[in-house]
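Visitor: Dropping the sequence and predicted coords here.
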Amino acid sequence: MATDHIRYDVLARDALRGVLRKVLTDAASHGLPGEHHFFITFVSKAEGVKLSSRLLAQYPEEMTIILQHQFWDLTVLEDRFEVGLSFGGIPERLVVPFSAIKSFLDPSVKFGLQFDTSDVAEVSPEALPAAPAPSAVAVPAPAAEAAEAAEEPTPPSQGGAEVVRLDRFRKK
């Protein structure tokens, strides 16, 4: 078999990460349109990932975050994204390099990407600094949603985001 000097696998992976980067950049600039929301799974100890020691202890191997209604300060750079989320009522700032992402899923349109992270370098937990927690900003709901919310009883909030395993959504 011939040697692949062009490295099509690397080119394809980088192109798909470009799709992810573009989608997150648009979400940072304009918000999430319609029913779109994102499940992003990443390697917790990958080089460049910044999580608080509390989250790292809770999710030592990998973590899935959901970007839907309760996130803030989404910033997208060439090699990573940063986002504010609340876990158990405690605001956290996460930094996730694109190279650490294992999967991206937008279940509203049944679109997903998977990335091979077997070559991702891991760092020891003590080398990870705690990410500073930003203050949460309340975003008022549009009038139509506020009217619907007033009509429907809502269950008591558990506070924070829920980490969901993507295995539930995969075809068997």
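Guide: Structure received.
Visitor: how about stretch 96-111 as CSV, C-alpha atoms only?
Guide: C-alpha atoms of stretch 96-111 as CSV (Å, rounded to 0.1, in the frame of the first residue of the first chain):
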residue,chain,number,x,y,z
VAL,A,96,-11.5,23.8,25.6
PRO,A,97,-9.0,23.4,22.8
PHE,A,98,-10.5,22.1,19.6
SER,A,99,-7.9,19.3,19.6
ALA,A,100,-9.5,18.0,22.9
ILE,A,101,-13.0,17.6,21.5
LYS,A,102,-14.2,14.0,21.0
SER,A,103,-17.6,14.7,19.6
PHE,A,104,-20.0,17.5,18.7
LEU,A,105,-23.8,16.9,18.3
ASP,A,106,-26.6,19.2,17.4
PRO,A,107,-29.6,16.9,18.1
SER,A,108,-32.1,19.5,16.8
VAL,A,109,-31.0,18.6,13.2
LYS,A,110,-29.5,15.2,14.0
PHE,A,111,-26.0,16.4,13.0
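Visitor: Now it: average pLDDT?
Guide: For stretch 96-111, the mean pLDDT works out to 95.
Visitor: What is the three-state secondary structure of residue 55?
Guide: At residue 55, secondary structure determined by DSSP: H, G, I helix; E, B strand; the rest coil is helix.
Visitor: Who is the residue nearest the centre of the chain paired with across the strands?
Guide: By CA atoms, centre = their mean, the mean C-alpha position of the chain lies nearest to residue 40, the distance being 3.9 Å. Note on residue 40: beta-bridge partners by DSSP bridges are residue 65, residue 104.
Visitor: mind listing what it touches?
Guide: Counting by CB atoms under 8 Å, 6 or more residues apart in numbering, residue 40 touches 64-67, 96, 101, 103-105. C-beta here means a position set from N, CA and C on the backbone, and glycine is covered the same way.
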